[in-house]
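Chemist: Sharing a sequence plus its predicted fold:
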Amino acid sequence: MSLFKRNNSPYWWIKITHNGRTIQRSSKTTDEAKALEYHDKLKASLWDQERLGIKPRYSWQEAVIRYLAETSGKASTISDKTHLRWLDKYLNSLMLDEISRDVIEKVMAKRMADKVANSTVNRTMEIVRAVLRKAAFDWEWLERVPRVRMLPEPKRRIRWITKDEAGRLIRALPSHLSAMVRFSLETGLRKANVTGLQWSQVDLARRTAWIHPDQAKARKAIAVPLSVAAIEVIREQIGKHPTHVFSYKGNSVTQVNTKTWHATLKKVGITDFRWHDLRHTWASWHVQSGTPLHVLQELGGWESVEMVRKYAHLSSDHLTQYVDRFSTIQAGEGSRATFWLHSVK
């Protein structure tokens, strides 16, 4: 028999080892006698499961441990852990079959009470849904998954800057940030791929760089063709750091959203602009220059063309021929225009 107290909980906790499986959960009582009774009932239940073939019950805590083990390669693992830590105080003591829709709604209300954006609430609830779905469909720990409601999120507009604005920003930034901005606008690489770029990932002779699968958001390798301007930026960094392309005072760069970055944006009059918007700017410039969407998809390492269509409205060149074909106004000399009707054959 094992009863113990946790520093962050007023309740007695139990710990049982059964057939090599360690079960640890809250008794949800401060009464030691009742906790002992719960302990004994749980042991009897485990015996029933083994001898009578009754399906065992699993806890949220057990599900989280297995979920993290199976998804350790996800690009969003760090973010997932942040959300799971927040969820711990509400779900840690529950069995999976105790997590009903009502419980989920109460957890959502707690998250909303933190005064965070709807998108943040949704990311937290998506983790709840992901763990429960794995428990039900992959591990068969759960008979059914309760519905997890999502809050409406405003559709964010594509924020990009003009080449004139980019020039002002580049000139005003310190040299190490300026170099990374120039490189981002030439390659469209995400922040982590720029700050983490190593010399071993660059071949100047072949004018290419590459992002390894474990560094890419879609977990697929990305070939990065280097423009003349991108090569110029890289050559400027030679000799500054032994392993990383971009550095600051001899150290590799890990953070770019600094006070200097925000102060410089304000100084040059650029508002509502994040570092990731450099990628939007790169994509927008490409589309405006006539780069086909399927080519942009490959250049940017997007998983599907649907993810690139948000930039399609920035170019209408491919639609011009259809507009001209339909037009009922024929321009004449000077400012004169004559109306004509298409003949119907």
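Modeler: That came in fine, so what should we check first? Residues are numbered from 1 along each chain as shown.
Chemist: When you work out contacts or count neighbours from here on, use the C-alpha atoms and nothing else.
Modeler: Fine.
Chemist: Below-threshold pLDDT in the chain: ranges please.
Modeler: Where the chain drops to pLDDT under 70, the residues are 1, 49-54, 156, 314-321, 323-345.
Chemist: Tell me the first helix or strand C-terminal of the helix or strand hosting A229.
Modeler: Assigned by DSSP states H and E, A229 falls within helix 228-237. Remark: after helix 228-237, the chain's next helix or strand is strand 247-248, criterion DSSP H and E.
Chemist: where do the strands sit along the stretch 1-150 of the chain?
Modeler: 3-5, 12-18, 21-26 (DSSP state E, counting those that start in this stretch).
Chemist: Identify, out of the ones you listed, the most deeply packed stretch.
Modeler: strand 12-18 (a mean of 18; mean count of other Cα atoms under 10 Å).
Chemist: Just give me the residue closest to the centre of the chain.
Modeler: Centroid-nearest residue in the chain, with Cα atoms, centre = their mean: S76, separated by 5.6 Å.
Chemist: Summarise which helices and strands the helix holding A229 is packed against.
Modeler: Counting contacts by 3 or more Cα pairs under 8 Å, 6 or more residues apart in numbering; DSSP states H and E, helix 228-237 is packed against helix 175-187.
Chemist: could you check the angle helix 228-237 makes with the helix it packs on?
Modeler: Angle, helix 175-187 to helix 228-237, by axes from the mean of the first three to the mean of the last three Cα atoms, to 10 degrees: 150 degrees.
Chemist: Convert the C-alpha atoms of helix 175-187 to PDB, please.
Modeler: Written as PDB, here are the backbone C-alpha positions of helix 175-187 (Å, rounded to 0.1, in the frame of the first residue of the first chain):
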ATOM      1  CA  SER A 175      24.200  44.900 -38.900                       C
ATOM      2  CA  HIS A 176      23.500  41.400 -37.500                       C
ATOM      3  CA  LEU A 177      19.700  41.900 -37.600                       C
ATOM      4  CA  SER A 178      20.000  43.700 -41.000                       C
ATOM      5  CA  ALA A 179      21.800  40.700 -42.500                       C
ATOM      6  CA  MET A 180      19.200  38.300 -41.300                       C
ATOM      7  CA  VAL A 181      16.400  40.400 -42.600                       C
ATOM      8  CA  ARG A 182      18.000  40.700 -46.000                       C
ATOM      9  CA  PHE A 183      18.600  36.900 -46.100                       C
ATOM     10  CA  SER A 184      14.900  36.300 -45.000                       C
ATOM     11  CA  LEU A 185      13.600  38.500 -47.800                       C
ATOM     12  CA  GLU A 186      15.800  36.700 -50.300                       C
ATOM     13  CA  THR A 187      14.900  33.100 -49.200                       C
END
